[in-house]
Every structure is written in structure tokens, then in C-alpha cells.
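Engineer: return atomic coordinates for the entry below.
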Amino acid sequence: MKIVVIGGSGLIGKNLVGKLRQAGHEAVAASPSTGVDSVTGVGLEQALEGTQVLVDVSNSPSFEDKAVLDFFETSGRNLLAAAKRAHVRHYVALSVVGTERLLGSGYFRAKMVQEELIKASAIPYTILRATQFFEFLGAIAQSSTQGAQVHLSPALVQPMAAEDVASALADVVLAAPANATLEVAGPEKKPLAELIRRYLSANGKSLEIRVDAEAPYFGIRLDDRSLTPGDGARLMPTRFEHWLARSSAGSR
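Structural biologist: This next block holds a predicted model:
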């Protein structure tokens, strides 16, 4: 089966392409670096020729409100139009757990637009919403740092390893379209501030953690429901401590 992965050169995309190829499928990594640009439309027609499944794991290069909306709206429309012309049988997209609860953020508003375009397209689809990746904890810490202090919410989160995200996506890709939004998460809930504290400690960074219920997460105030999945979510196996122990952060 031919499967095209838009964003196939990124963290999740590379992992997903590798898993699909190991399973014996023709998985094509499509991104601007391989000559396929979903925003301009360059290379889409050729890449999708003969494709049964299209997977969109692309992300905006900018999180500024207008730029991120333009990216997901333009890219989404181009991909859906090209998928229709290519008679793609299953359209799979990666989104974020809690999107509908975080619409105070331009990024999550843009992700909601992307999801709605897919649902309205009449192409059989599955949207997989994942929780945050362990690999992004450093970026979260950086965005929350003021001087020598890191201001973080005590809200519970349920992050997961990028490899587990790719495994869950591979299962979705190879299954029949759900025509629904599914959720996947890590195996355990932990306070965001505690996760970042342990991550920074493993990296040898001695920044002070300031726990504050009003501390913003990329501009949004969190509570225990903001970034955690519902009861029907699939839980993946990798625990934070195991990931940290085997990651480059944990080995230094």
C-alpha cells in the first residue's frame, strides 16, 4: 500500500515512515526538503499519484496567530483538494488532545480549523489527537523561563514518547477510517511543574522552578483537564522515567 506522510522529515514523520516501511508498505516522506510543499502546492500531485492513505503530521514553522492559521488553513485545503483528485481512501491527521479546550491560543484555534476542514471534506478520515511529547519538555521550559526562574502551572498533564505517537499513528494508518477523532496519551498523569523540574535536573540545569496556577502555557492558563485525555483514550506504554533514562538528557 502506498502511504504518503506529509511532514515526513520531522520528528514524528521520520519515525512513522520507518515503521510503515518495516511493515512492508511503500511509505513516502513528503516535505519541502523532498520537493513537496503543502502550502504552495508544489509537488503534491506527483507525490499523491497512486496513494491509498495520506497522513498529515506537518506543523507550522511559526506559532504567531496569523501565520499559524494561514499555514493550517492553506495547507489543509491544498492537501484535501489533492487527496480528492488522487482518490485517496483514508486521510489521517495528527492533532492535539485538548484542542477544543484551549481556543484562547491562536495555535489551537488553527488546529481546530484544520480538523473542521477534514471533517467537512467527505474523504474518509481519522484524526488522532495526542498529548504533548516528552521531547518537547525543553521547549516548554524555555518558553516559561524568566531570567533564572521557570514559571510553571501545577496542572496535570499526560505526555508521551514520540516513538509511541508514531506507533499509534501507524496502527491508525493501517486500520479502516474511523471517521472520528481518537485520543492517545502516555500512561501516567503528572504535574507539569514536576516533569519540567526532573527534566531540567537530568540536563544539569539549576533553574528555579516557580509553581503558579496562573503561569501561562504558551499564553493559556491550564487546569487538570486542559491537556489530559478522556476516558476512551488509548494509553501507550513508555513512562517518563524510562524515557528520561534512555534519552540523551538522561544519559548526560
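Engineer: quick one: low-confidence ranges for the stretch 51-200 of the chain?
Structural biologist: Judged by pLDDT under 70, the stretch 51-200 of the chain has no weakly predicted residues.
Engineer: just the helices from it, written as ranges.
Structural biologist: 65-85, 106-119, 137-143, 162-173, 192-202 (DSSP state H, counting those that start in this stretch).
Engineer: any idea how far residue 137 is from residue 105?
Structural biologist: Noted for residue 105: a distance of 18 Å to residue 137, by Cβ to Cβ, to the nearest Å. For the C-beta atoms, the positions are set from N, CA and C on the backbone; glycine is no exception.
Engineer: what number of residues lie near residue 50?
Structural biologist: Residue 50 is flanked by 10 other residues according to other Cβ atoms under 10 Å.
Engineer: not counting its neighbours along the chain, what's nearest it?
Structural biologist: Nearest residue to residue 50, sequence neighbours excluded (Cβ to Cβ, 6 or more residues apart in numbering): residue 2, at 5.4 Å.
Engineer: who does the one you found bridge with?
Structural biologist: Beta-bridge partners recorded for residue 2 (DSSP bridges): residue 26.
Engineer: what does residue 92 give?
Structural biologist: residue 55, residue 126.
Engineer: if we can go back for a sec, what's the most buried one of the helices of the stretch 51-200 of the chain?
Structural biologist: Mean neighbour count, computed with mean count of other Cβ atoms under 10 Å, is highest for helix 162-173 among the helices of the stretch 51-200 of the chain, reaching a mean of 22.
Engineer: how far away from the center of its chain is it?
Structural biologist: 11 Å (Cα atoms, centre = their mean, to the nearest Å).
Engineer: kindly export that helix (C-alpha atoms) in PDB.
Structural biologist: Provided in PDB are the C-alpha atoms of helix 162-173 (Å, rounded to 0.1, in the frame of the first residue of the first chain):
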ATOM      1  CA  ALA A 162       7.300  10.500  20.200                       C
ATOM      2  CA  GLU A 163       8.000   6.900  19.300                       C
ATOM      3  CA  ASP A 164       4.700   5.900  20.900                       C
ATOM      4  CA  VAL A 165       2.900   8.600  18.900                       C
ATOM      5  CA  ALA A 166       4.300   7.100  15.700                       C
ATOM      6  CA  SER A 167       3.300   3.600  16.800                       C
ATOM      7  CA  ALA A 168      -0.200   4.700  17.500                       C
ATOM      8  CA  LEU A 169      -0.400   6.600  14.200                       C
ATOM      9  CA  ALA A 170       0.900   3.500  12.300                       C
ATOM     10  CA  ASP A 171      -1.900   1.500  13.700                       C
ATOM     11  CA  VAL A 172      -4.500   4.100  12.700                       C
ATOM     12  CA  VAL A 173      -3.000   4.300   9.200                       C
END
